[in-house]
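S.K.: sequence? don't have it. structure:
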Ligand SMILES: [Zn+2]
């Protein structure tokens with residue numbers, strides 16, 4: 001039974017309550033990994049009862065992640081967190097990670113649209129060629145919003161992003177061939193601006209190479225890519241609406 005419930009899957013707090021009645025050992029002894037697929041933003045999930053859990057998977061399917069994630073009680077023992085199908089990262093969402101997972105060592109986020117820290121807009125990625133995985137070491141590679149908010153996590157060692165992208169063979173995309181601009185999730189418009197404006201480029205690159213604030217134990221930041229489709233016609237930017245919740249974010 002312990003092996004069977006090593007990874008336990010719950011959709012809501014009611015699932016957890018039922019499991020407690022039938023098999024209280026799931027929470028007290030057996031579960032080492034938890035997978036939640038919340039379908040209600042107001043559901044309050046108490047994971048403090050899972051005393052031996054080390055890794056937690058949160059899969060969002062249309063539920064607004066910031067609201068839902070804020071309803072998860074602090075998980076001191078959880079050192080790995082995987083967030084799946086995250087639509088749009090926000091400042092409250094990052095703060096909720098910092099609050100709920102104080103011992104976090106590894107954070108993985110599979111996101112639909114990266115959050116550009118230069119223009120504060122979530123964007124679909126477009127490349128003319130399939131990008132290769134990018135791995136940064138030595139404490140660099142986080143977007144500035146992530147670096148600032150997660151800097152309070154003393155043990156955070158690894159952050160892995162995976163992002164969907166579209167192939168667009170038309171002109172106007174920015175490709176990551178040599179990654180000389182140290183891409184960290186910026187949108188195409190901002191990367192093209194960085195390429196053409198020398199003063200802006202030097203300023204941003206200096207901050208990327210020596211971030212003033214970041215998680216103190218951070219060693220690895222990895223960006224990988226999942227192709228989502230191919231764009232045949234020349235299209236304008238796929239920018240989403242700007243997220244008003246991020247107003248407190250300052251300049252770099
Ligand atoms: Zn941008």
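M.R.: Perfect, I can see it now. It should be emphasised that the depicted structure is a prediction, and the values quoted were computed from it without experimental measurement.
S.K.: The helix or strand containing residue 16 packs against which elements?
M.R.: In the assignment (DSSP states H and E), residue 16 maps to helix 13-22. The criterion is 3 or more CB pairs under 8 Å, 6 or more residues apart in numbering; DSSP states H and E, and the helices and strands that helix 13-22 contacts are strand 7-10. No exception for glycine: its C-beta is placed from N, CA and C like everyone else's.
S.K.: Please name the residues that touch residue 149.
M.R.: 91, 94-95, 97-98 (CB atoms under 8 Å, 6 or more residues apart in numbering).
S.K.: sorry, back to before: what mean pLDDT does the very next helix or strand once past the helix holding residue 16 get?
M.R.: Later in the chain than helix 13-22, the nearest helix or strand by DSSP H and E is helix 25. Averaging pLDDT along helix 25 gives 91.
S.K.: Tell me the gap between helix 25 and the middle of its chain.
M.R.: Centroid displacement of helix 25 relative to its chain, using CA atoms, centre = their mean, to the nearest Å, is 31 Å.
S.K.: what do you get for stretch 27-34?
M.R.: The answer for stretch 27-34 is 24 Å, by CA atoms, centre = their mean.
S.K.: just the helices in the stretch 1-150 of the chain please.
M.R.: Taking DSSP state H, counting those that start in this stretch, the helices of the stretch 1-150 of the chain run over residues 13-22, 25, 65-69, 91-100, 144-150.
S.K.: Nearest to residue 23 among the contacts of residue 149?
M.R.: For the contacts of residue 149, the minimum distance to residue 23 (CB to CB) is 29.0 Å, reached by residue 97.
S.K.: Can I take it that residue 163 is in a strand?
M.R.: Yes. Under DSSP: H, G, I helix; E, B strand; the rest coil, residue 163 sits within a strand.
S.K.: can I assume it is in contact with residue 225?
M.R.: Yes. If you go by CB atoms under 8 Å, residue 163 and residue 225 touch, sitting 5.9 Å apart.
S.K.: where do the contact lists of the two overlap?
M.R.: residue 125.
S.K.: can you tell if stretch 175-189 touches the ion?
M.R.: Yes. Between stretch 175-189 and the ion, judged by CB under 5 Å from the ion, the touching residues are residue 187.
S.K.: Can you give me the end-to-end span of that stretch?
M.R.: 12 Å (CA to CA, to the nearest Å).
S.K.: One more: stretch 126-142?
M.R.: 20 Å.
S.K.: Run through who's touching that stretch.
M.R.: Against stretch 126-142 from outside (CB under 8 Å, 6+ apart): 150, 159, 165-170, 173-177, 179, 182-184, 188, 208-209, 211, 214-215, 218-225, 227, 231, 238.
S.K.: in the stretch 1-150 of the chain, which spans are strands?
M.R.: Ranges of strands within the stretch 1-150 of the chain are 7-10, 33-36, 55-59, 80-86, 106-111, 125-127, 134-137, based on DSSP state E, counting those that start in this stretch.
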